[in-house]
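Chemist: Generate a structure from the sequence data that follows.
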Amino acid sequence: MLRHECLPLDDDEQYYEVPPSGSAHTDITKEAVEQALFSRSVRKAQGPDKLSSGAIQLLWKWDKEKIVRLTEAAIGTGRHPAVWKRARGVVIRNPGKVYHTQLKAYCSISLFACMGKGVEEIVDELLLDEAERR
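Modeler: Numbers count the residues shown, from 1 in each chain. Reported below is the predicted structural model:
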């Protein structure tokens, strides 16, 4: 019952048409990528790809250019890799709820890939900048 209510199955049958490429990926800087990746706590749980924020920060120190190019490619093509879209769902008890036999006593959280969250943060900043310009 909890799985059905809190973690519905993903529908891989949904397809959409890819929009034409824009130029937002040319506005990405190394500093913006670093800020997005290092703004997350290393103590947070990782997503289904098992790469925590701490691991990605270590990769950043090893090869910054590849991570920046990966980010530019994701934003330039307008597509997230499929692994970044998957989430690991966890159901936890709501604090203060006495009756744990009811669905309201639980909540679900989704743990997404940390690299995907970093790219989404950069896209958020690009959209905010564009909105402010217009």
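
Chemist: so is the residue nearest the centre of the chain in a helix, a strand, or just coil?
Modeler: Residue closest to the average C-alpha location in the chain (C-alpha atoms, centre = their mean): residue 117, at 2.6 Å. Put simply, residue 117 is helix when judged by DSSP: H, G, I helix; E, B strand; the rest coil.

Chemist: excluding its backbone neighbours, what's nearest it?
Modeler: Distance criterion C-beta to C-beta, 6 or more residues apart in numbering; nearest residue to residue 117, sequence neighbours excluded, is residue 40 at 7.0 Å. Any C-beta I mention is one placed from the backbone N, CA and C, and that applies to glycine too.

Chemist: now that neighbour: how far from residue 32?
Modeler: Noted for residue 40: a distance of 14 Å to residue 32, by C-beta to C-beta, to the nearest Å.

Chemist: just checking, next helix/strand downstream of the helix or strand of the chain with the lowest mean pLDDT?
Modeler: Ranked by mean pLDDT, DSSP states H and E, the weakest helix or strand in the chain is helix 2-6, scoring a mean of 60. As assigned by DSSP states H and E, the chain's next helix or strand after helix 2-6 is helix 30-38.

Chemist: can you pull the buried residues of that following helix?
Modeler: Neighbour counts using 16 or more other C-beta atoms under 10 Å place 32, 33, 34, 36, 37 of helix 30-38 among the buried residues.
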